[in-house]
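S.K.: the amino acid sequence is not available; the structure is as follows:
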């Protein structure tokens, strides 16, 4: 898997939300400034070549759908961030976010409880 460019990721977010869509359906859901149809079509083609999207043909149009789930990409992106910025250390990453976001003891306890619950 490869890291997506900003606009590619924005387009994938819409496909993940919709599950299936024609290009014309996703443009209104993209952040401003809205890209031109041809620009979106080009990026969708690139995403398909990269293996993120596939399509089924409906008449003379293509309806696109994600091949890679949001969760799969989140895991990849998080591993990339931890590797690049936190020396492959999840504890360092969590400590950074706890400090930067000024998390309270209660919020930290809540995080620990969520982790413990998911481990069971």
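M.R.: Cool, got the structure. The structure displayed is predicted, hence computed values, not measured ones.

S.K.: I'd say residue 56 and residue 48 touch.
M.R.: No. Between residue 56 and residue 48 there is no contact under C-beta atoms under 8 Å: 11.9 Å. (Glycine included, C-beta is placed from N, CA and C.)

S.K.: what about the closest residue in space to residue 29 that isn't next to it in sequence, how many residues nearby?
M.R.: Leaving aside its chain neighbours, residue 29 sits nearest to residue 14 (4.7 Å; criterion: C-beta to C-beta, 6 or more residues apart in numbering). Look at residue 14: counted by other C-beta atoms under 10 Å, it has 17 neighbours.

S.K.: then the one 4 residues further on?
M.R.: Neighbouring residues of residue 18 were enumerated by other C-beta under 10 Å; the total is 15.

S.K.: going forward can the numbers begin at 33, since that is how I track them
M.R.: Sure, I'll start numbering at 33, so the last one becomes residue 50.

S.K.: about what we covered before: with neighbour numbers in mind, choose between residue 88 and residue 80.
M.R.: Applying other C-beta under 10 Å to residue 88 and residue 80 shows that residue 80 carries more neighbours, namely 15 against 10.

S.K.: ok, the more buried one - contacts?
M.R.: 86, 87, 96 (C-beta atoms under 8 Å, 6 or more residues apart in numbering).

S.K.: can you list the buried residues in the host helix or strand of the last one?
M.R.: In this structure, residue 96 is located in strand 93-98 according to DSSP states H and E. Along strand 93-98, the positions that meet the burial threshold by neighbour count (16 or more other C-beta atoms under 10 Å) are 94, 96, 98.
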